[in-house]
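Peer 1: I would like to see how this sequence folds:
(one chain, ligands or ions: 2)
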Amino acid sequence: MDHFQLRDGVLHAEDIPLTRIAEEVGTPVYVYSRATLVRHARVFREALSGVKDPHIAFAVKSNPNLAVLKVLSREGYGADVVSGGELVRALEADMAPKNIVFSGVGKTDAELLQGLEADIGQFNIESQEEGRELAAIAAAHGKIARCALRVNPDVDARTHEKISTGKAENKFGVPIHRAVEIYATLAALPGLDMRGIAVHIGSQLSTLEPLETAFGKVGELIAELRAQGETVTHADLGGGLGVPYKAGEVLPSPAEYGAMVARVTKDWDVALSFEPGRVIAGNAGILLTRVIRVKRSSNASPFVVVDAAMNDLARPAMYGAWHDIEAVKPSGAKSVSHIVGPICETGDTFAMNREMDTLESGDLAVFRTAGAYGATMASSYNSRGFVAEVLVDGDKYAVVADRLAAAAIMDAERVPDWL
Ligand SMILES: Cc1ncc(COP(=O)(O)O)c(C=O)c1O
Ligand SMILES: N[C@@H](CCCC[NH3+])C(=O)O
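Peer 2: Ligands and ions are numbered 1, 2, ... in the order given. Next up, the predicted model:
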């Protein structure tokens, strides 16, 4: 069920008209639906009913807002973090340390220590070098780091090249053909409890086949490790399940994903964990914007200039990504337009020649499927300040991230007295 629906001609988030949020909070603003987050969290867990005791760690990078994390921690979700900053957020949102997994190719010594001191559940080690450093830090502090070795299975996830992570040429994980040797080396080090394998081949996957191929390789690796006398009790299957960005688009469902996982892993005899991000948060959020003006300077499609820009929602500029765009109070008229932001880059374009609701100066519109990799990738480019975020719950809402004005950002800058 979609919690962003038209009621009496006005698009609502749950029971709140988006016109009200625009008036009271201003635009641009991200709006999240608590009911959708909860529904997605439960659907994903339910989809894994064929897996014994799955551990689900929300990929914090997809939406690190504290209120969003709190909703998910209340659903029993843990966190997949990739920085000390994300770790602090997960703890702040009451995610139990044992339910936190630390991924990423570039964890610094300080971040490794931070994870050890928080006694997180698992480090996903991405290189032999990182494993050695973690072992030394753990041993020096009298701690044991529970670890999985992230492997790179050299599988094409068939997604956008910038978010593919499982090809040999990508920076992530250790080459799977070297995994047995590296695992054995790390398992012999004091300070490390090597207990499993992790894999994540990319994001916004639109077919299950690459995942199945990668998981098949992990299954073979686990058997090989055990044959060599290594202990393997855990496997982390990452995230990556795609979501529809266009109305009517059909992607593999969480249930199909869960059934595939249960089938492929049935003889593994390990505790499985998952790191979903987009599939939980993507369709739980929209970006609400207002049309500044419509430029009709030629016979071509008009430029509808909105007050959101590539600094607020980077995906179209970065990946050529599509987000459905709809009027908040649709008149019924449709036309072909270009939807652009105010930033001084041609790349600040959300849609070209898009047939969609006709928008006029002052109208409100939404970018759909903006709950994942939206606000979190915002910047202050062109000194635009940071976009605000709102969480709706039935007939109430709260501002869960203040708009950070350009002036507040400037306050953090200093002009040296020798200038
Ligand atoms: C290690 C890791 N886990 C989980 C995720 C979450 O991916 P997604 O949002 O596609 O589910 C990512 C991002 O791709 C990631 O890099
Ligand atoms: N930022 C990307 C996803 C990156 C996934 C990170 N592992 C996107 O918006 O699609």
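
Peer 1: all contacts plus neighbour counts: C-alpha atoms, from now on.
Peer 2: Noted.

Peer 1: I'd like the next helix or strand past the longest helix anywhere in the chain.
Peer 2: In terms of residue count, the longest helix belonging to the chain (DSSP state H) is helix 209-227. Next in sequence after helix 209-227, counting helices and strands by DSSP states H and E, comes strand 234-236.

Peer 1: Run through who's touching that following strand.
Peer 2: 148, 195-199, 270-275 (Cα atoms under 8 Å, 6 or more residues apart in numbering).

Peer 1: got CSV for those residues, with distance to ligand 2, pLDDT and neighbour count too?
Peer 2: CSV is the format used below for those (distance: Cα to the nearest ligand atom, whole Å; pLDDT from 0 to 100; neighbours: other Cα atoms under 10 Å):
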residue, distance to ligand 2, pLDDT, neighbour count
Ala148, 18, 98, 28
Arg195, 23, 98, 20
Gly196, 20, 98, 25
Ile197, 18, 98, 25
Ala198, 14, 98, 26
Val199, 12, 98, 30
Val270, 24, 98, 17
Ala271, 23, 98, 16
Leu272, 19, 98, 23
Ser273, 16, 98, 22
Phe274, 13, 98, 25
Glu275, 10, 98, 24
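
Peer 1: Which two of those residues have the greatest separation?
Peer 2: Arg195 and Glu275 (17.5 Å; Cα to Cα).

Peer 1: Return the residues in contact with Leu48.
Peer 2: Contacts for Leu48 were tallied using Cα under 8 Å, 6+ apart; they are 54, 255, 258-259, 262.

Peer 1: Can you tell me which of the residues you listed are buried?
Peer 2: With neighbours counted by 16 or more other Cα atoms under 10 Å, the contacts of Leu48 contain buried members at 255, 258-259, 262.

Peer 1: quick one: which of the residues you listed sit in strands?
Peer 2: Under the assignment DSSP state E, the buried ones among the contacts of Leu48 contribute nothing to strands.

Peer 1: any chance of the residues you listed in TSV, plus distance to ligand 2 and pLDDT?
Peer 2: Output for the buried ones among the contacts of Leu48, formatted as TSV (distance: Cα to the nearest ligand atom, whole Å; pLDDT from 0 to 100):
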residue	distance to ligand 2	pLDDT
Ala255	22	98
Gly258	20	98
Ala259	23	98
Ala262	24	98
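
Peer 1: now, among those residues, which is nearest to ligand 1?
Peer 2: Top of the list for closeness to ligand 1, among these and by Cα to the nearest ligand atom, is Gly258 at 13.7 Å.

Peer 1: how close does that closest one sit to Val105?
Peer 2: 27 Å (Cα to Cα, to the nearest Å).

Peer 1: in the stretch 201-350 of the chain, which spans are strands?
Peer 2: Counting by DSSP state E, counting those that start in this stretch, the stretch 201-350 of the chain forms strands over residues 234-236, 271-274, 285-295, 303-306, 325-327, 334-340, 349-357, given from the N-terminal end onward.

Peer 1: Can you tell me which of these is most buried?
Peer 2: Mean neighbour count, computed with mean count of other Cα atoms under 10 Å, is highest for strand 234-236 among the strands of the stretch 201-350 of the chain, reaching a mean of 25.

Peer 1: For that one, which strands pair with it and how are they oriented?
Peer 2: Each strand pairing with strand 234-236, determined using DSSP bridges, is listed with its direction: strand 192-198 (parallel), strand 271-274 (parallel).

Peer 1: Is ligand 1 within reach of the shortest one?
Peer 2: No: using Cα under 6 Å from any ligand atom, strand 271-274 stays clear of ligand 1, coming no nearer than 7.8 Å.

Peer 1: quick one: contacts of that strand?
Peer 2: The contact list for strand 271-274, computed with Cα under 8 Å, 6+ apart, reads 51-58, 233-239.

Peer 1: ok, back up a step: of all the contacts of strand 234-236, which comes closest to Thr289?
Peer 2: Closest to Thr289 out of these is Glu275 (30.5 Å), distances taken as Cα to Cα.

Peer 1: quick one: contacts for the closest one?
Peer 2: With contacts taken as Cα under 8 Å, 6+ apart, Glu275 has the following neighbours: 56-59, 79-80, 236-239.

Peer 1: Farthest pair within the residues you listed?
Peer 2: Using Cα to Cα, the contacts of Glu275 reach their maximum pairwise distance at Ala79 and Leu237, which is 13.8 Å.

Peer 1: Tell me which of the two has more neighbours.
Peer 2: Neighbours around Ala79 and Leu237, counted as other Cα atoms under 10 Å, are more numerous at Ala79. The numbers are 34 against 22.

Peer 1: For Leu288, which non-adjacent residue is spatially closest?
Peer 2: Residue nearest to Leu288 in three dimensions, not counting chain neighbours: Val366, with 4.6 Å by Cα to Cα, 6 or more residues apart in numbering.

Peer 1: What about the closest residue to Ala93 other than its chain neighbours, how many residues nearby?
Peer 2: Spatial nearest neighbour of Ala93, chain neighbours left out: Lys70 (4.9 Å); criterion: Cα to Cα, 6+ apart. Burial measure for Lys70: 20 neighbouring residues, criterion other Cα under 10 Å.

Peer 1: Lys70 and Asn283, how far apart?
Peer 2: Computed as Cα to Cα, the Lys70 to Asn283 distance reads 18 Å.

Peer 1: for Glu230, same thing?
Peer 2: Glu230 sits 41 Å away from Asn283 when distances are taken as Cα to Cα.

Peer 1: what does Asp94 give?
Peer 2: If you go by Cα to Cα, the gap between Asp94 and Asn283 works out to 24 Å.

Peer 1: The two: who's more crowded?
Peer 2: Set side by side, Asp94 and Asn283 give different neighbour counts by other Cα under 10 Å, the larger being at Asn283 (24 against 15).

Peer 1: Hmm, the more buried one is touching Gly374, no?
Peer 2: No: under the criterion of Cα atoms under 8 Å, Asn283 makes no contact with Gly374, lying 11.1 Å away.

Peer 1: In contact with the closest residue to ligand 2 within the chain, which residues?
Peer 2: Distances from the chain to ligand 2, computed as Cα to the nearest ligand atom, single out Tyr373 as the nearest residue at 4.6 Å. Contacts for Tyr373 were tallied using Cα under 8 Å, 6+ apart; they are 61-63, 278, 282, 315.
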